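Novice: need a 3D model of the sequence below.
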Amino acid sequence: MQVTFKTEGGMAFFPGLSRPSVVDSAELPAAEAARLQELIADTRFFDLPEESRALRAGAADYRQYTITVEDAGRRHTVRLADPVESPALQQLLDFLRGHAARVRSPGEPTTPPRRAGRSRKRGP
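Specialist: Numbers count the residues shown, from 1 in each chain. Next comes the predicted model:
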């Protein structure tokens with residue numbers, strides 16, 4: 001399963017930082033892949049309408065989300081806007097936002113930081 005997730009809008013929206021995030025379940029640890037499958041099933045994603053609802057007047061600063069799921073030959077796109085009222089969809093959004101954040105800032109460096117005053121040179 002492959003999920004493409006894009007966020008747009010919001011108070012501090014920067015178009016350059018809103019690149020879509022792609023989650024491929026085949027590349028996730030088994031527990032995360034299973035969780036993603038569960039979230040997609042819980043939302044009944046392939047049964048959702050493409051547009052969740054129109055934005056209300058004055059809602060220009062609300063965040064909007066586009067989620068596209070490709071699985072077993074099926075492809076479906078859903079567009080949502082804050083506030084998301086469905087707890088199942090909110091959990092899916094939280095999962096996808098968390099994954100996107102980890103991809104953009106992967107966390108701790110793979111090598112330990114160098115200590116001040118030490119040289120990495122060895123030998124004479």
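
Novice: where does residue 57 land on pLDDT?
Specialist: Model confidence at residue 57, expressed as pLDDT, equals 53.

Novice: hang on, I meant residue 52
Specialist: pLDDT, residue 52: 64.

Novice: is it true that residue 20 touches residue 8?
Specialist: No: the pair residue 20 and residue 8 does not pass the contact test of Cβ atoms under 8 Å, sitting 10.2 Å apart. For the C-beta atoms, the positions are set from N, CA and C on the backbone; glycine is no exception.

Novice: touching both of the two, which residues are there?
Specialist: Residues touching both residue 20 and residue 8 comprise residue 66, with contact defined as Cβ atoms under 8 Å, 6 or more residues apart in numbering.

Novice: and residue 42, how far is that from residue 92?
Specialist: Taking Cβ to Cβ, to the nearest Å as the criterion, residue 42 is separated from residue 92 by 8 Å.

Novice: oh sorry, the question was meant for residue 98
Specialist: Noted for residue 98: a distance of 11 Å to residue 92, by Cβ to Cβ.
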